[in-house]
Each structure stands twice: as structure tokens, then as C-alpha cells.
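K.L.:
Let's see this in three dimensions:
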Amino acid sequence: MLFFPMSLSAHVYHLLGWMRVHKIFEGSRELVGTVPNEIIHLSRLATLRLENNTLSGTIPLRIGSLKKSLLYLNLSNNRIKGGLPKEIYKLSKLLVLDLHNNFLNGDLDRTIENIKDLKILDIHSNRFSGQLPYSMIELDSLEYIDVSNNNFQGYCEDEICQKVKDGTIYKFTVDCLYVTCTRCVDDVNDICTWLG
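P.N.:
Residues are numbered from 1 along each chain as shown. The predicted structure follows:
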């Protein structure tokens, strides 16, 4: 098994940042350990793909330090736990947030609206709860949403459902037994998927 370089010092990460590392693709590499906090020192990092590994622990608390560069964050299919750090909502340039199939919990914060350019939000198969934040309607670039297989409850804003109907959002998946929205009314399935 490979071990994620969590033993690398912050100094090494500073050097990597100086060397202008833009992308880390380490998906399906049998990596174990945690996502090291020192990753925040990669000041030019645009893509972080660590999907399909056995990483555990939490998302680095200061992930927002990458707000000027990070466009693509994929930590899906791991064993990452805990809530989303508030700093993640500072990643204003982020286009893709893919955290599906982990053990993440807590609410989606209303400040998700700060991720203005977000196109893909895939957080299915976690333990998120609460209501989908109203502020999601402010995400004008959003094209794909999968929040199914979580513990969300309440209702989905009509504006989001309207974006699906209009084709602005081409895919929206939610648990219809727990989240009420205008697109679920006639559906008899537990999980509803709509293509715009």
C-alpha cells in the first residue's frame, strides 16, 4: 500500500508551491492516511484529485487558503469524516466540489453562495443533514447537483426546481421521501433524478 506523504514537512510544501504545482492527480492509488494540512501551502494548486483511495480524517481546516487557485476538488470514495470546514466556502473560484461516498456530516452552510462559479456539487452518499440552504439559488453557474443518500430534510427551493425545468441545471438528484420539491410531487421513487 502507498502512504500519502503526510510526513512531508511544511517546508517541502512551501517549495512545491514555489515550484508552481498546479495539479495533483492521485486517484485510485491505494493511498491511506489523511489529507495533510500542509496542502494549503500549495498556493497555485488548481486541481486536487484524491478520489478512490482509503484516505481518512477530515478535510483540512484551512482549505480556504487555496481560494485564489483551487478550481477542482475531488475527495470522493474515501473514508473522510466530520463536517465541511467553514473555510471550504471561501473557495470562490471552485468549479467542482465532489465529496461523494465518504462519512461527512453536518449541514451545508448558507455561505455556499460564496462559491459563485460552482458548476458541479456532488455530495451524495454521506451523512449530511438539515435543510438544503436557500442560498443555493444564488449559484447561477450550477449545472449538476447530487445530494441523495444523505439525511437532508425539508424542502427544496422552487427556484432550483425551475432551473432544472429550464435546463440550466441538467441533473438534480435528491431523496424525495425527505426533501419536498415541485419536481418530486409525481415521482414514486425514493430517489428522484431529473435531467434538464
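
K.L.:
which regions of this structure sit below the pLDDT cut-off?
P.N.:
Low-confidence segments of the chain (pLDDT under 70): 1-19, 182-196.

K.L.:
in what helix or strand does Thr173 lie?
P.N.:
Under the assignment given by DSSP states H and E, the secondary-structure element containing Thr173 is strand 171-175.

K.L.:
Check which residues of that strand are buried.
P.N.:
Phe172, Thr173, Val174, Asp175 (16 or more other C-beta atoms under 10 Å). (Glycine included, C-beta is placed from N, CA and C.)

K.L.:
I'd like to know which of those is nearest to Arg110.
P.N.:
When those are compared for distance to Arg110 (C-beta to C-beta), Val174 wins out at 17.9 Å.

K.L.:
Pipe the buried residues of strand 171-175 into JSON lines and attach distance to Lys23 per row.
P.N.:
As requested, the buried residues of strand 171-175 are exported to JSON lines (distance: C-beta to C-beta, whole Å):
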{"residue": "Phe172", "distance to Lys23": "29"}
{"residue": "Thr173", "distance to Lys23": "28"}
{"residue": "Val174", "distance to Lys23": "32"}
{"residue": "Asp175", "distance to Lys23": "34"}
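
K.L.:
one step back: render the CA-only coordinates of the strand holding Thr173 in CSV, please.
P.N.:
What follows is strand 171-175 as a C-alpha-only set of coordinates in CSV (Å, rounded to 0.1, in the frame of the first residue of the first chain):
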residue,chain,number,x,y,z
LYS,A,171,-29.1,16.9,-13.4
PHE,A,172,-30.6,17.2,-9.9
THR,A,173,-30.8,14.2,-7.6
VAL,A,174,-32.3,14.3,-4.1
ASP,A,175,-34.1,11.9,-1.6
